[in-house]
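Chemist: Predicted model and sequence below, questions to follow.
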Amino acid sequence: MKSLEKPGYIGHRRRIKEKYKSGGLMGWLDYEVLELALTYAIPQRDTKPLAKELLCRFKTINNVLDANRQELVKIKGISEHTALFLNFLKDATKLYLKQGLVNKDLVSSPQAVYDYFKASLKGHPDEEFKALFLNSQNQILAVETMQTGTVNKAVVYPRKIVERALYHHAATVVVAHNHPGGSLAPSAEDRQVTGMIREALKIVEIDLLDHIIIGGDGYFSFKETGTI
């Protein structure tokens, strides 16, 4: 009769789902959050050890979600299906934050902009340069990737940003890029590119509101530091 007994993890899964249902994630440990998430990708297994193994390897939930599928499947027990699910969670978060920019005065809500760029750019192995185009009410018109570069260099052409700004009938622009190495300090090239973009946009009477650098767990704002 022992073979008819339900595995112990089934009752545990039910309990952690009820715990979330009744109180959300308040007070949860990181491994518990991952454990619950993994139950939706792995139907018949105790996911607690796997959640702990992921955190042992990647240290934080953010790093787990930032990891690419090739890195994730190196963990014993993480299949291509599960790795795809974890990547999906990250992409869903980016979409949620991007849609949170819609219809907001983004000059009055700078944190929403920073949160979106952190989610969108953090964890990329190469530099990526994005531009956020805004109307005269400082509301989002579009977000576009202007350039994806090598591990330490993204060549951005101010003319391309001006062309896209005119295409979207933008009144203002915010640009952002990541530093894969984690440093938040703007390089001499970052400062030069910022000046070139600002001057190119000024010719067509469009303002550059900010240039944001994403690195590590933070960001650097040219506007906040008075550089723009």
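Modeler: Noted; the coordinates are in hand. Values in this document were obtained by computation on a predicted structure and should not be read as measured data.

Chemist: okay, the lengthiest helix in the chain in PDB with CA atoms only?
Modeler: Secondary structure assigned by DSSP state H gives helix 80-99 as the longest helix of the chain. Extracted C-alpha coordinates of helix 80-99, given in PDB (Å, rounded to 0.1, in the frame of the first residue of the first chain):
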ATOM      1  CA  GLU A  80      15.500  23.600 -21.300                       C
ATOM      2  CA  HIS A  81      11.800  23.900 -20.400                       C
ATOM      3  CA  THR A  82      12.600  25.200 -16.900                       C
ATOM      4  CA  ALA A  83      15.300  27.600 -18.100                       C
ATOM      5  CA  LEU A  84      12.900  29.000 -20.700                       C
ATOM      6  CA  PHE A  85      10.300  29.500 -17.900                       C
ATOM      7  CA  LEU A  86      12.800  31.500 -15.800                       C
ATOM      8  CA  ASN A  87      13.700  33.600 -18.800                       C
ATOM      9  CA  PHE A  88      10.000  34.200 -19.400                       C
ATOM     10  CA  LEU A  89       9.600  35.500 -15.800                       C
ATOM     11  CA  LYS A  90      12.300  38.100 -16.500                       C
ATOM     12  CA  ASP A  91      10.800  39.100 -19.900                       C
ATOM     13  CA  ALA A  92       7.300  39.400 -18.300                       C
ATOM     14  CA  THR A  93       8.800  41.700 -15.700                       C
ATOM     15  CA  LYS A  94      10.300  43.900 -18.300                       C
ATOM     16  CA  LEU A  95       7.000  44.100 -20.200                       C
ATOM     17  CA  TYR A  96       5.200  44.900 -16.900                       C
ATOM     18  CA  LEU A  97       7.600  47.800 -16.200                       C
ATOM     19  CA  LYS A  98       7.500  49.000 -19.800                       C
ATOM     20  CA  GLN A  99       3.700  49.200 -19.800                       C
END
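
Chemist: So for it, what gets flagged as buried?
Modeler: 82-83, 85-87, 90, 97-98 (16 or more other C-beta atoms under 10 Å). Any C-beta I mention is one placed from the backbone N, CA and C, and that applies to glycine too.

Chemist: Also stretch 20-38?
Modeler: Of the residues in stretch 20-38, those buried (16+ other C-beta under 10 Å) are 28, 30-38.

Chemist: tell me which of those is nearest to Glu71?
Modeler: Taking C-beta to C-beta as the measure, Glu71 lies nearest Leu34 of those, at 15.2 Å.

Chemist: who's in contact with the spatially closest residue to Val107 that is not a sequence neighbour?
Modeler: Of all residues not flanking Val107 in the chain, Asn138 sits nearest, at 4.4 Å (C-beta to C-beta, 6 or more residues apart in numbering). Contact analysis of Asn138 by C-beta atoms under 8 Å, 6 or more residues apart in numbering lists 105-108, 172.

Chemist: Show me what the helix-or-strand element of the chain with minimal mean pLDDT is in contact with.
Modeler: Within the chain, no helix or strand scores below helix 8-23, which has a mean of 83 by mean pLDDT, DSSP states H and E. By C-beta under 8 Å, 6+ apart, the surrounding residues in contact with helix 8-23 are 32, 35-36, 39, 45-48.

Chemist: Please consider this matter closed, and thank you.
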